[in-house]
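[1] give me the fold of what follows.
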Amino acid sequence: MNRDEPPNAQFQVIQLTGRLTRDPELIHLETGSVCRIRLAIENMGRNDTGYIDVSTFGKAGEAAARVLAKGWLVAVDGRLDYRHWVADDGANRSAINVIGNVEFLAAPRSAETTEQAAA
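    This is a model prediction of the structure:
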């Protein structure tokens, strides 16, 4: 780190908005719960979509797993987590994940229509 940089200059902050590509996965660990989701993120100005994995922990993760489903629009505020490992075949692997908070924005259109019809 350069001495002229502020101490938190290396801290990664990310904010994303996207739709869930599948239902959330809730995993119970000895230290608590983690909810894993995958977001589809539209690339502004280009006709392609990117995908990013997101993890949220504890009660927030449990709520996300209980409420969210494929197609939900969510906002994520968190930090980047970079993992590196050697696979069974000896190849080097890496992954970038976002660890953060998930805000529920809108249910999928089919779920909204179903809820309105039931009301």
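[2] any idea what the one residue sitting closest to the centre of the chain is bridged to?
    In the chain, the centroid-proximal residue (Cα atoms, centre = their mean) is Val54; its distance is 2.3 Å. According to DSSP bridges, the partner residues bridging Val54 are Ile37, Val98.
[3] you'd agree it is up against Arg36?
    Yes - between Val54 and Arg36 a contact is recorded at 7.2 Å, counting by Cβ atoms under 8 Å. Glycine gets a C-beta too; all of them are placed from N, C-alpha and C.
[4] now do the contacts for Gln15.
    With contact set as Cβ atoms under 8 Å, 6 or more residues apart in numbering, Gln15 has these partners: Ala75, Val76, Asp77.
[5] now it: how far from Ala75?
    Spatial separation of Gln15 from Ala75 under the definition Cβ to Cβ, to the nearest Å is 7 Å.
[6] Asp89 now?
    Computed with Cβ to Cβ, the distance linking Asp89 and Ala75 is 37 Å.
[7] more neighbours: these two, which one.
    Set side by side, Asp89 and Ala75 show unequal neighbour counts under other Cβ atoms under 10 Å, the larger going to Ala75 at 15 against 6.
[8] would you say the more buried one is within a helix?
    No - secondary structure assignment (DSSP: H, G, I helix; E, B strand; the rest coil) places Ala75 in strand, not in a helix.
[9] just grab the bridge partners of it for me.
    Judged by DSSP bridges, the bridge partners of Ala75 are Thr17, Glu103.
[10] from His28, how far out is it?
    If you go by Cβ to Cβ, the gap between Ala75 and His28 works out to 26 Å.
[11] before we move on, what about Ala107?
    Using Cβ to Cβ, which is the criterion applied here, Ala107 is 26 Å from His28.
[12] try Ala60
    15 Å.
[13] what about the two, which has more around it?
    With other Cβ under 10 Å as the criterion, Ala60 and His28 differ in neighbour count, and Ala60 comes out ahead with 15 against 9.
[14] so the more buried one sits right up against Glu103, yeah?
    No - here Ala60 lies out of contact with Glu103, judged by Cβ under 8 Å, at a distance of 9.9 Å.
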